[in-house]
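K.L.:
show me how the following folds:
(chains A and B, ligands or ions: 1)
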Amino acid sequence: MEPFNRLQALVVPIDRANVDTDAIIPKQFLKSINRSGFGPNLFDEWRYLDRGEPGQSCVGRPLNPDFALNQPRYQGAQILLSRDNFGCGSSREHAPWALLDYGIRVVIAPSFADIFFNNCFKNGILPIVLTGEQVDQLMQECVAQEGYQLTVDLETQSLSTPSGEKFSFVVDPFRRHCLLHGLDDIGLTLQHVSAIELYEQQRRQAAPWAFLSQGV
Amino acid sequence: MKPQNLFEKIWDAHVIRADGDGTVLLYIDRHLVHEVTSPQAFEGLRLAGRKVRRPEATFAVPDHNVPTKHLEQGIIDPIARLQVETLDNNCRTFAIRQFGMGDIRQGVVHVMAPEQGIILPGLTVVCGDSHTATHGAFAALAFGIGTSEVEHVLATQTLPQKKPKTMRIHIEGDLAAGVTAKDLILYIISRIGTAGGTGHVLEFTGSAIEALSMEGRMTLCNMAIEGGARAGLVAVDDKTIDYLHGRPFAPKGTVWNQAEQAWRKLKADPGAGYDRVLTFAAQEVVPQVSWGTSPEMTLPITGHLPNPAMENDPVRRSSISKALAYMGLEPGMAIADIAVDTVFIGSCTNGRIEDLRLAAEQVVGKKVAPTVKLAMVVPGTGLVKQQAEAEGLDRIFTEAGFEWRAPGCSMCLAMNADILAPGDRCASTSNRNFEGRQGPGGRTHLVSPAMAAAAAVAGHFVDIRASH
Ligand code: SF4
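P.N.:
From the prediction side, this is the model:
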């Protein structure tokens, strides 16, 4: 996983609440058995005027000019700004994979759906929770000023606007540590393998029904 | 000892170790796997040279991509076929038990697992699928995870987790005739909102919940995720025990007796606390119909569509306008005046035998309205299909003009050929009405099986309480 430390980047606004994972990456693309290549289909149904199919090239597909991702001023954005309950719906990790593949490293919203929030951290994306008023303010500034950039610093858990205004945010210490160092969760857990073994022995005694034999 | 709620009892029994910052390493007893969210996890294991820690704790089934008719042709879409074959290969390589295509047990993962007795009270259950919440009906702590976590569980049989908060949803009283668990959960979501349960595990209590069958409790917990919660829970009672007894993967003999004793303790202690408590009266619930593009956009069958002009909050106003526009509906319209052209009965929410019975009741001796171009029933698993056929339900449906299909997720998310065309309007017993969920431009109204069946006959939504 790519570590995340500090990022200064262009912001793209998706001004809606309840942006769901079906919208982030429509289900036909979930047929892929790969982890990458989803970027061109990020927000496919909002971004293009035709229906996208997996395996099809997106070059030359008719674009929806009203959708922010298609507007020249937002090209190259790495920070996405949205409203409440971002990432609700399914558990598909294809949603953060698509965001990442497109180039998004930070998503800012007043609230996130739980599974999506978790999935972001596993993929080097930083989801930032700000208050509704703060998001409102950023949304207005971002739409008003072309080339609007934010600077996000995970070490100090702060975010600053072009005018120098600072907002602080909080990230769970363990997740922050993993993100800062790009650490693989599984490797960390396997350091505790003896604790896992001990637990299994005790549980086998206490709740034998929880254990199945192979090939029932 | 401090009285504990149900969630705390299960959680505490699964903590392997705790870090100072509140992250714990949680043991996972059962892992369910399907073809869509697992290929990249197995690939990750392979790349890292890791093994599956306890293959016997994992059960796999293809469901999202499988066709529901012309099964003899196999899967025609090459990309979908590759995904199902990848699951076959991964299960073979890693020695994981799979109920593959052609197995009578195959079907929607969340219908299959309880039916097989794989889900037991007090267990932790995960799956790379948000509707894993279904299994909370058995007092199992069950939640959906992402693909990286699937890989983590395969490799370690554990997950690092933060302790969620708890919310008790207490429902007293009797549901009226014709009002089901589906109406109840849609009603709850319409009241708490799709983010109302975020960060919480819901525990459903009260006489209305005790009165529900296991199927009804599964429907209820299934949609906990649509209220933002990762999991729902219902305490163990006689119904839980009766349901599990004799199931293929449930314990037998002396272990069963020992298990039953332990399971009966899986309910909240008197005086247990919760972070939040909400109370609803069962009598308030009437049959529900979702009208918009989020499950919280749900109204009683007797209701009228909202008018965005009357909404003061700008974000809400624009959500309502966008939803009405997408759904092709006018403000103020009566729910009962909404005509449908497609009906889908199935999914992990409502694809169990009881659901099919309730739907068939509305259909017996009647015909699907001529304005409905497709009405289909998709049983949750091959075993549900077999049972329904033994009861003659398939004939009731087909004689009325429904298509009787093979099991799978089907039009719940339309990854296979069962897909709405743009502008189609569907009465669906599934769980999500997001834009494009059942096909790009397709319009979904979430309802109970009986409401869907009645809509198929009438050609529009009807208040089925009138017929009870
Ligand atoms: S039936 Fe629908 S909600 Fe359930 S697992 Fe399948 S796709 Fe998901």
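
K.L.:
now the lengthiest strand in chain B: mean pLDDT?
P.N.:
Counting by DSSP state E, the longest strand found in chain B is strand B:165-172. In this model, strand B:165-172 carries a mean pLDDT of 98.

K.L.:
likewise for stretch B:287-307?
P.N.:
Stretch B:287-307 carries an average pLDDT of 98.

K.L.:
sec struct for whatever residue of the stretch 201-350 of chain B ends up closest to the ligand, please.
P.N.:
Using Cβ to the nearest ligand atom, the closest approach of the stretch 201-350 of chain B to the ligand is made by B:C348 at 3.2 Å. All C-beta atoms are positioned from the backbone trio N, CA, C, and that covers glycine. With DSSP: H, G, I helix; E, B strand; the rest coil as the basis, B:C348 sits in helix.

K.L.:
roughly how far apart are it and B:P407?
P.N.:
11 Å (Cβ to Cβ, to the nearest Å).

K.L.:
joint contacts of the two?
P.N.:
B:108, B:111, B:380 (Cβ atoms under 8 Å, 6 or more residues apart in numbering or on different chains).

K.L.:
got a list of what the last one touches?
P.N.:
Pointing back at B:G380 there. B:107-108, B:111-112, B:115, B:346-348, B:351-352, B:407.

K.L.:
related to what we said a few turns ago, in helices, which of the shared contacts of B:C348 and B:P407 fall?
P.N.:
B:V111 (DSSP state H).

K.L.:
filter the shared contacts of B:C348 and B:P407 down to the ones close to the ligand.
P.N.:
Subset of the shared contacts of B:C348 and B:P407 in contact with the ligand: B:V108, counting by Cβ under 6 Å from any ligand atom.

K.L.:
and which of the shared contacts of B:C348 and B:P407 is nearest to the ligand?
P.N.:
Using Cβ to the nearest ligand atom, B:V108 comes nearest to the ligand of the shared contacts of B:C348 and B:P407, at 4.6 Å.

K.L.:
how many other residues sit next to that closest one?
P.N.:
Residues within reach of B:V108, counting by other Cβ atoms under 10 Å in any protein chain shown, total 31.

K.L.:
also B:M223?
P.N.:
Using other Cβ under 10 Å, B:M223 has 27 other residues around it.

K.L.:
wait, it sits on B:R432?
P.N.:
No - B:M223 is not in contact with B:R432 according to Cβ atoms under 8 Å; the separation is 9.3 Å.

K.L.:
list residues touching both of the two?
P.N.:
Between them, B:M223 and B:R432 share these contacting residues under Cβ under 8 Å, 6+ apart: B:P295.

K.L.:
can you point me to the longest helix in chain B?
P.N.:
Assigned via DSSP H, chain B shows its longest helix as helix B:78-94.

K.L.:
give the other helices and strands that it contacts.
P.N.:
Using 3 or more Cβ pairs under 8 Å, 6 or more residues apart in numbering or on different chains; DSSP states H and E, the elements in contact with helix B:78-94 are helix B:39-48, strand B:58-60, strand B:97-98.

K.L.:
B:L25 touches A:V193, doesn't it?
P.N.:
No - the criterion here is Cβ under 8 Å, and B:L25 misses it with A:V193 at 10.7 Å.

K.L.:
which of those two has more neighbours?
P.N.:
Set B:L25 next to A:V193 and count neighbours by other Cβ under 10 Å: B:L25 wins out with 21 against 12.

K.L.:
select, out of the helices and strands packed on helix B:78-94, the one closest to B:S294.
P.N.:
helix B:39-48 (28.2 Å; Cβ to Cβ).

K.L.:
ok and the worst-scoring helix or strand of chain B on mean pLDDT relative to helix B:78-94, angle-wise?
P.N.:
Of all helical and strand segments in chain B, the minimum by mean pLDDT, DSSP states H and E falls on helix B:39-48, at a mean of 92. For helix B:39-48 against helix B:78-94, the angle by axes from the mean of the first three to the mean of the last three Cα atoms, to 10 degrees is 50 degrees.

K.L.:
up against the ligand, what does chain B have?
P.N.:
Counting by Cβ under 6 Å from any ligand atom, chain B sits next to the ligand at B:63-64, B:108-110, B:129, B:131, B:347-348, B:409, B:412-413, B:430-431.

K.L.:
any idea which of the residues you listed is least confident?
P.N.:
Among the residues of chain B next to the ligand, B:L413 carries the lowest pLDDT, at 93.

K.L.:
neighbours of it, how many?
P.N.:
For B:L413, the neighbour count with other Cβ under 10 Å is 25.

K.L.:
run me through the strand neighbours of the biggest strand by length in chain A, direction for each.
P.N.:
Secondary structure assigned by DSSP E gives strand A:6-14 as the longest strand of chain A. Using DSSP bridges, strand A:6-14 pairs in its sheet with strand A:79-82 (parallel), strand A:149-153 (antiparallel).
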